[in-house]
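Peer 1: Build the 3D model from these lines:
(one chain, ligands or ions: 1)
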Amino acid sequence: MTPLPPITIEAQHLSKRYGTHTVVQDVSFALAAGETLVLLGPSGCGKTTLLRMLNRLVEPDAGTVRVNGQDVRTQAPELLRRGMGYVIQQVGLLPHYTVAENVGVVSRLLGHDAAQVASRTEELLNRLHLPPERYARQYPHQLSGGQQQRVGLARALAANPPIILLDEPFGALDPITRASIRREFRELEELRRKTMVLVTHDVQEAFELADRIMLLDAGIVQQLGTPRELLFQPANEFVRRFFEAERLSLQLRTLRLADVLTYAKSNSNISTSTIYKSGHNILSPSVSIQDAIELLSTLSAKQTNSTDEAIVWVSGEQSTPSSAAYSFTLPQLMTAFGRALQHLQAA
Ligand SMILES: Nc1ncnc2c1ncn2[C@@H]1O[C@H](COP(=O)(O)OP(=O)(O)OP(=O)(O)O)[C@@H](O)[C@H]1O
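Peer 2: Next up, the predicted model:
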């Protein structure tokens, strides 16, 4: 058995009041190393306050936060924050610093060697699609909102903190830029092993990025669970209604091909080599129904006569025997999805 990853952040019974208004009430959670927790909920429900209690920008009235097992109150806030990157919607780049200077600012404050800072900055700018030869010497006002956001992220990653806190990091962007930056963000190798807590009120964003979602209302946790649990096993009426308007698109995003295989046509007599010959039509069982539909729609839009092109092969490893191969046309996929939904909703 692989050992469970260690708990990195543990919050117990956190509460915060402003005057008579309780904005966070008795919130507890434990976050494993490498996990992404999304704090979701309507405006004013206490997400930012909760996030800021983790790095001591806000002190709780009650409860404790432990980071790597140590109570944060026993750590100097500056030291604590060195291990926790912090990205906010307003980006907060220093206007008179170049892009490179903005990215390196924390590392320089930490007294890192100048050559080291320069090479780390260059590496990060490349990873975040801001080629340093073009952008390093530019100033924030010369960049688009999306580019500024990426510089803000690069800055938070510069000192390589194991934990990153993000408060509406894509909030200031238009929906199209937002979706594409989110995709880049999700695929960023740099973030794979980070423990992250992200605040958003955008449901799609939450489902796209979260390992687990904490849905809050008026400072009280309504449910903490995987996107799938929130969608298919809502803890109460608030949770159910919260996702109502976007239910279908969330279901398409949350269910994977693996979930609908039982309802697909199995092709046990097709050889692995035949399957792999069809190249780009092969999808992994972990692909979302949404992505599979997009692929199949593109294929059918090409209107070729090749039956191969209208089929998606779902197979695990290259070495998986052909009995693990399933095929779908677009209508078959939709039918299988419908059946899987019926089954899940009846459960
Ligand atoms: N420093 C403060 N003094 C008084 N009230 C505050 C303070 N900070 C936050 N609040 C109040 O606490 C409540 C929760 O605020 P918070 O910013 O945590 O909510 P949020 O869920 O992040 O909201 P949004 O999505 O709109 O950013 C709000 O009613 C807010 O007005």
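Peer 1: From now on I want contacts and neighbour counts done on CA atoms only, so please keep to that.
Peer 2: Noted.
Peer 1: Give the bridge partners for Y86, please.
Peer 2: L165 (DSSP bridges).
Peer 1: where does the stretch 1-150 of the chain have low pLDDT?
Peer 2: Residues of the stretch 1-150 of the chain that meet the criterion pLDDT under 70 lie in 1-4.
Peer 1: Strands of that one, residue ranges please.
Peer 2: Along the stretch 1-150 of the chain, counting by DSSP state E, counting those that start in this stretch, strands occupy 7-18, 21-32, 36-40, 62-67, 70-71, 84-88.
Peer 1: Out of those, indicate the one that is most buried.
Peer 2: Across the strands of the stretch 1-150 of the chain, the average number of neighbours (mean count of other CA atoms under 10 Å) peaks for strand 36-40, which reaches a mean of 26.
Peer 1: hmm, that one touching the ligand?
Peer 2: No - applying CA under 6 Å from any ligand atom, one finds strand 36-40 separated from the ligand by no less than 7.8 Å.
Peer 1: now that strand against strand 21-32, angle please.
Peer 2: Calculated by axes from the mean of the first three to the mean of the last three CA atoms, to 10 degrees, strand 36-40 forms an angle of 160 degrees with strand 21-32.
Peer 1: Quick check: closest non-adjacent residue to G83.
Peer 2: Excluding the flanking residues, the one nearest G83 by CA to CA, 6 or more residues apart in numbering is P161, at 4.7 Å.
Peer 1: And Q138, by the same measure?
Peer 2: T98 (5.4 Å).
Peer 1: again, but for G69
Peer 2: Spatial nearest neighbour of G69, excluding adjacent residues (CA to CA, 6+ apart): T8 at 7.2 Å.
Peer 1: Tell me who's in contact with that neighbour.
Peer 2: Neighbour list for T8: A30, L31, A32, A33, R66, V67, N68, G69, T195 [criterion: CA atoms under 8 Å, 6 or more residues apart in numbering].
Peer 1: Report the contact partners of the last one.
Peer 2: T195 makes contact with T8, L31, A32, A33, G34, E35, T36, P162, I163, I164, according to CA under 8 Å, 6+ apart.
Peer 1: hmm, 7 Å instead?
Peer 2: Contacts for T195 were tallied using CA atoms under 7 Å, 6 or more residues apart in numbering; they are A33, G34, E35, T36, P162, I163, I164.
Peer 1: Compute the number of surrounding residues for the first one.
Peer 2: Using other CA atoms under 10 Å, A33 has 19 neighbouring residues.
Peer 1: distance of it from I9?
Peer 2: 8 Å (CA to CA, to the nearest Å).
Peer 1: likewise the fourth one?
Peer 2: In this view, T36 and I9 are 11 Å apart by CA to CA.
Peer 1: and if you look at the last one?
Peer 2: Separation of I164 from I9 (CA to CA): 11 Å.
Peer 1: List the residues that contact the residue most central in space within the chain.
Peer 2: Among the residues of the chain, L209 comes closest to the average C-alpha position under CA atoms, centre = their mean, at 1.9 Å. Residues near L209 by CA under 7 Å, 6+ apart: R186.
Peer 1: for the strands of the stretch 1-150 of the chain, which one sits closest to A114?
Peer 2: strand 84-88 (20.2 Å; CA to CA).
Peer 1: how about the CA coordinates for that closest one, as CSV?
Peer 2: The C-alpha trace of strand 84-88 is given here as CSV (Å, rounded to 0.1, in the frame of the first residue of the first chain):
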residue,chain,number,x,y,z
MET,A,84,3.2,30.0,1.3
GLY,A,85,2.9,31.8,-2.0
TYR,A,86,0.0,34.2,-2.1
VAL,A,87,-1.8,35.2,-5.3
ILE,A,88,-4.6,37.8,-5.4
